[in-house]
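**Student:** sequence first, predicted coordinates after that:
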Amino acid sequence: MNLSDSLRFYAATDVGKVRDHNEDNFLVDKKLALFVVADGMGGHAAGEVASAIAVRTVHDEIRRDKEMLDDYASGAAGASKVTRKDIVALLEHAVQRACSKIHEEALGDVKKRGMGTTLSALLVAGDQGFIAHVGDSRIYLARGDHVQQVTEDHTVFNELIKRGKLTREQIEKVQQKNAITRAVGVYERVEVDTLVLDLIGGDILVLASDGLHGYLETAEELQAPLGLDGGDGVKALIDLANARGGKDNITTVVVKVGDGQAGDPAQAKRLALKRDVLANMPLFSRLSERELLRVMQAVQVRECKDGDVIIREGDKGDELFIVLEGKVRVSRGDQTLTHLGPGEHVGEMALIRSAPRSASVTAVGPAVLIAIRRADFFEILRREHEVAVKMLWQFLGVLADRLDQTNSELHQIKRESIAEDVTAEIFPELEEESLPPASLSR
């Protein structure tokens with residue numbers, strides 16, 4: 001059974017204690033496994049219009065392609081031709097359609113000019129959660145005893161934090177620090193953040209407008225309310241925001257994956273191992289948790305049998321391989337160069353250039369590897385500018401280390417090749433024995 005067939009969800013919205021009308025909208029559709037939270041802006045009820053158009057349009061666009069979702073969810077055995085990228089593209093297209101419709105509506109009514117909305121959408125298909133996000137509503141993932149924010153706020157505050165030009169204390173004094181830098185509908189198109197999460201039974205996802213998360217000091221404050229039964233958790237979250245001021249509309253959707261039982265421990269362990277292996281690699285060591293999630297969605301997990309050839313010497317390659325479980329043998333010709341175990345990697349140069357492989361890599365016993373293709377690596381660099389800068393700097397460091405190692409080896413070879421031959425001084429008799437008989441008779 002797919003995880004999308006075993007979802008439980010609870011949702012609520014509240015006007016709060018200060019506003020006189022609610023500009024938030026949310027949507028839940030169990031058949032589509034689609035969940036959306038939108039927080040409108042624009043005044044004169046225009047924000048409510050914008051958020052309503054957004055959730056309705058996204059819903060209509062996704063529902064139109066339900067057969068694609070069903071095909072993807074049923075393709076666990078590899079029968080489906082629908083890929084992750086197809087589902088991501090569908091979700092992004094739905095948000096862009098909402099954006100153009102809101103913008104068109106605003107152009108036709110002067111009172112609605114400039115209206116827009118945040119939008120955070122979760123679509124569960126098969127065992128993956130597909131996310132599309134614009135603005136400062138949020139999506140959190142609770143897994144085990146850890147809660148993390150998986151979307152990034154598009155706000156002045158967050159932009160200043162990322163640039164590192166000011167301290168948090170200085171940023172707190174900026175008057176427009178909470179202004180959003182992206183919204184659906186203000187312009188005809190918008191840049192949409194997308195993310196794919198591998199889900200396991202027991203996961204909980206929380207969609208929240210800033211009327212709720214604005215009162216959270218840490219994501220871990222969600223733990224206690226999420227542990228409550230049924231809709232009590234959602235009510236507790238609304239009550240928390242109102243108790244702390246309720247200055248804005250409050251909306252939350254809680255999606256629980258599975259039937260309430262703990263998920264497959266082996267799958268959970270593998271997901272954690274995949275994250276840890278990537279985080280400990282020099283190439284990805286400077287990435288944040290959200291950025292690691294972005295990389296994790298681009299990797300493929302491959303299971304190999306004993307003797308399977310992973311890389312063949314002389315072939316052109318376009319993949320980096322990281323050992324997740326088991327062991328592989330690296331060889332050149334008939335000579336074994338080394339063995340690699342969990343956390344070790346091979347073939348990183350294939351991410352940036354197409355060149356013949358300098359060695360072969362073969363599985364020694366059963367092995368599980370992570371593969372990152374060059375095309376997917378470049379896609380991350382194109383779409384995630386901050387990630388691109390961090391990874392390229394780290395890549396330069398890896399190349400510098402390789403160059404230092406190569407130079408050291410060359411210097412050692414040179415020293416050995418020019419070392420003075422003092423054999424004759426130590427063993428002069430060897431020199432006489434090596435002379436021809438004619439020379440000895442003179």
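**Tutor:** Okay, I see it.

**Student:** just the helices from the stretch 51-200 of the chain, written as ranges.
**Tutor:** Ranges of helices in the stretch 51-200 of the chain, per DSSP state H, counting those that start in this stretch, are 66-73, 84-107, 156-163, 168-172.

**Student:** ah, wrong one, I meant the stretch 301-442 of the chain
**Tutor:** With DSSP H, counting those that start in this stretch, the ranges of helices along the stretch 301-442 of the chain come out as 374-383, 385-417, 423-426, 428-434, 437-441.

**Student:** my read: residue 321 touches residue 361, true?
**Tutor:** Yes: using CB atoms under 8 Å, residue 321 is in contact with residue 361, at 6.9 Å. (C-beta placed from N, C-alpha, C; glycine too.)

**Student:** got any residues that touch both of the two?
**Tutor:** By CB atoms under 8 Å, 6 or more residues apart in numbering, residue 321 and residue 361 have these common neighbours: 310, 311, 328, 346, 347.

**Student:** does the third one touch residue 360 like I think?
**Tutor:** No: between residue 328 and residue 360 no contact is recorded; they are 9.9 Å apart, counting by CB under 8 Å.

**Student:** can you pick out the residue with more neighbours from the two?
**Tutor:** Using other CB atoms under 10 Å as the criterion, residue 328 and residue 360 rank with residue 328 on top: 25 against 19.

**Student:** quick check: the gap between the more buried one and residue 363.
**Tutor:** Shown here: residue 328 relative to residue 363, a distance of 6 Å by CB to CB, to the nearest Å.

**Student:** got any ranges where the stretch 251-400 of the chain has weak pLDDT?
**Tutor:** Residues of the stretch 251-400 of the chain that meet the criterion pLDDT under 70 lie in 260-264.

**Student:** buried set for stretch 16-29?
**Tutor:** Neighbour-count burial for stretch 16-29, counted by 16 or more other CB atoms under 10 Å, picks out 16, 19, 22, 23, 24, 25, 26, 27, 28.

**Student:** tally of neighbours for residue 370?
**Tutor:** The number of residues packed near residue 370 is 21, by other CB under 10 Å.

**Student:** OK, contacts around it?
**Tutor:** 274, 277, 278, 299, 300, 301, 302, 321, 322, 324.

**Student:** mind redoing it with 10 Å?
**Tutor:** Taking CB atoms under 10 Å, 6 or more residues apart in numbering as the criterion, residue 370 is in contact with 273-274, 277-278, 281, 296, 299-302, 319-324, 345.

**Student:** just give me the neighbour total for the closest residue to it other than its chain neighbours.
**Tutor:** Distance criterion CB to CB, 6 or more residues apart in numbering; nearest residue to residue 370, sequence neighbours excluded, is residue 322 at 4.2 Å. Residues within reach of residue 322, counting by other CB under 10 Å, total 25.

**Student:** OK, contacts around residue 322?
**Tutor:** 274, 277-278, 280-281, 283-284, 299, 340, 342-348, 368-372 are the contacts of residue 322 under CB under 10 Å, 6+ apart.

**Student:** before we move on, what about residue 46?
**Tutor:** Counting by CB under 10 Å, 6+ apart, residue 46 touches 23, 40, 102, 105-106, 109, 111-117, 185.

**Student:** same deal with residue 168?
**Tutor:** Contacts of residue 168 (CB under 10 Å, 6+ apart): 157, 160, 161.

**Student:** measure it to residue 137 for me?
**Tutor:** When distance is defined by CB to CB, residue 168 is 22 Å away from residue 137.

**Student:** separation between residue 127 and residue 151?
**Tutor:** 20 Å.

**Student:** neighbour count winner among the two?
**Tutor:** Neighbours per residue (other CB under 10 Å) separate residue 127 from residue 151, with residue 151 holding more: 23 against 17.

**Student:** the more buried one and residue 386: what is the separation?
**Tutor:** Going from residue 151 to residue 386 by CB to CB gives 15 Å.

**Student:** which of the helices or strands spans residue 287?
**Tutor:** Secondary structure assignment for residue 287, by DSSP states H and E: no helix or strand.

**Student:** so who does it touch?
**Tutor:** For residue 287, the contacting residues are 278, 279, 281, 293, 294, 295, 384, 386, 387, 390, 391, 394, by CB under 10 Å, 6+ apart.

**Student:** and those residues, which are buried?
**Tutor:** Neighbour counting with 16+ other CB under 10 Å marks 278, 281, 293, 294, 295, 384, 387, 390, 391, 394 as buried within the contacts of residue 287.
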